[in-house]
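S.K.: Whatever this is, show me its structure:
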Amino acid sequence: MDSAAGGGGAAGGSNSKDGEDLLESGGYRQNNHHDSSKHHQYFSSTAVKSTLILMVVGVTCLVLINQSGYPSQLFRSYSFSGPKEFNNNTFGNISSPSCDNRAAVVNVSSPANEENELEKTLKSAAMKDNKTVIITTLNAAWTEPNSIFDLFLESFKIGNGTQDLLKHVLVVALDQKAYSRCLEVRLHCYALTTEGIDFSGEAHFMSEDYLKMMWRRIDFLHTVLQLGFDFVFTDADVMWLRNPFERFHPDGDFQIACDHYWFNYTDVNNSPNGGFNYVKSNNRTIQFYKFWHTGRDYFPGKHDQDVLNAIKMNPFIKRIGLEMRFLDTAEFGGFCEPSKDLDRVVTMHANCCIGMENKIHDIKMVIDDWKKYNISIPIGGERNVSTRFWTVPRFCG
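M.R.: Predicted structure coming up:
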């Protein structure tokens, strides 16, 4: 989501140093000497006990940090100058373990039956391989009649080879209205809430609610990967016009669309857009999404796409062996960089667009352009040239 959605460098380093100082000094500094042997013996005994306690705590924290796999040094080189009770399958809350928040592992604290409900829903939506689903998130602001969600559904119905894909779309509803709307159109529906946060309104780009929504999404997708499911995540303002599975790279773990596609499909200098990506579940992607979510703490006030840009060249990515692929805007385009030939178009994303009305206006133009393209009469084996190009963006871009 770009304009609306259904501080500086990396933090820390001092906590770890303080812990090392404590360990090196035995957990205390002795400034006074006593001549009394009883006092000396008592103090020595107390110091030994204190030292042992501090060493145990320190070692425990160091072990947890090491297990997380994401020491703060990995981030330092990259810097920047609904109501819970609405349904009984609502997802749990996010919490982080103690000891060192800089390297904390994200913990999804939900009852086992709730995670089982998610797995059951994913299985129901999965394709013939029993592990691939299409996921979108939705809030009340995008479910109004003739709004973005309706256009999203229409794109599947008028796309080439996309009608059957609707059977595998899982709508992750962020509030009651979105959940009810999902049930109305008979899709697979899952309620995802965060206690104390209302995601029902329009979340303006980079607002506090927008950032919370984006990071909640990353955490949820990490859980999907942990459950063993591959997914295509798509914003609801991405129009599906051809079957994308025929265009994905066979050797990619994590494939993502771009705002701007400057180079080849493996070049990390491309500008990724988190609104459309295809991810295979394996140890590499699970570690990557965990690492990505952890990056939120190192880049406060930044959304998931900014953090992805910051970590995509991080040595950790190479270390885990993640195969990252960037999708060409000639096929997976958007208002930032529209594809130039409708004969190649797979998806069209309403990115680089401020304001709900502007977004809806230009998406409707996309739908109209596609309909004209499909009914144009081929001349000499090719379609009329005038219908092979977008007339958008008009208000966006």
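S.K.: buried stuff in the helix or strand hosting residue 316?
M.R.: If you go by DSSP states H and E, residue 316 is part of helix 315-320. Across helix 315-320, burial judged by 16 or more other CB atoms under 10 Å covers 316, 317, 320. Where you see a C-beta, it was placed from the backbone N, CA and C, and this is true even at glycine.
S.K.: go on, stretch 272-290?
M.R.: Those would be 272-282, 284-290, for stretch 272-290 by 16+ other CB under 10 Å.
S.K.: Looks to me like residue 266 is in a helix.
M.R.: No: Residue 266: not assigned to a helix; according to DSSP: H, G, I helix; E, B strand; the rest coil it is coil.
S.K.: That one and residue 328 touch, don't they?
M.R.: No: using CB atoms under 8 Å, residue 266 makes no contact with residue 328, being 11.8 Å away.
S.K.: So between the two, which is more surrounded?
M.R.: residue 328 (18 against 13; other CB atoms under 10 Å).
S.K.: mind listing the helices for the stretch 101-250 of the chain?
M.R.: According to DSSP state H, counting those that start in this stretch, the stretch 101-250 of the chain carries its helices in the segments 112-125, 148-158, 176-184, 208-226.
S.K.: Including mean neighbour count, distance to residue 339 and mean pLDDT, could the ones you listed go into CSV?
M.R.: Formatted as CSV, the helices of the stretch 101-250 of the chain follow (neighbours: other CB atoms under 10 Å; distance: least, CB to CB, whole Å; pLDDT from 0 to 100):
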stretch, mean neighbour count, distance to residue 339, mean pLDDT
helix 112-125, 16, 28, 88
helix 148-158, 19, 15, 97
helix 176-184, 19, 29, 94
helix 208-226, 20, 25, 85
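S.K.: And these: which comes nearest residue 366?
M.R.: Closest approach to residue 366 among these is made by helix 148-158 (8.0 Å; CB to CB).
S.K.: residues contacting the nearest residue to residue 125 once chain neighbours are set aside?
M.R.: Sequence neighbours aside, residue 188 is the residue nearest to residue 125 in space, at 4.0 Å (criterion: CB to CB, 6 or more residues apart in numbering). Taking CB atoms under 8 Å, 6 or more residues apart in numbering, we find residue 188 in contact with 121, 124, 125, 133, 168, 169, 170, 171.
S.K.: repeat for residue 352
M.R.: 2, 259, 334, 335, 336, 393, 396, 397.
S.K.: same question, residue 321
M.R.: residue 284.
S.K.: try 10 Å
M.R.: Residue 321 makes contact with 253, 282, 283, 284, 287, according to CB atoms under 10 Å, 6 or more residues apart in numbering.
S.K.: Residue 266 now?
M.R.: Contacts of residue 266 (CB under 10 Å, 6+ apart): 249, 251, 252, 323, 324, 325, 326.
S.K.: Give me the lowest-pLDDT entry from the residues you listed.
M.R.: Sorting the contacts of residue 266 by pLDDT puts residue 251 at the bottom of the list (94).
S.K.: can you count the residues close to that residue?
M.R.: Residue 251 has 9 nearby residues by other CB under 10 Å.
S.K.: Check residue 143 too.
M.R.: 25.
S.K.: thought it was touching residue 151?
M.R.: No: judged on CB atoms under 10 Å, residue 143 makes no contact with residue 151 at a distance of 11.6 Å.
S.K.: Find the residues that touch each one of those two.
M.R.: In contact with both residue 143 and residue 151: residue 236, using CB under 10 Å, 6+ apart.
S.K.: Keep only those of the buried residues of stretch 272-290 that are in strands.
M.R.: Those of the buried residues of stretch 272-290 mapping onto strands are 272, 273, 274, 275, 276, 277, 278, 279, per DSSP state E.
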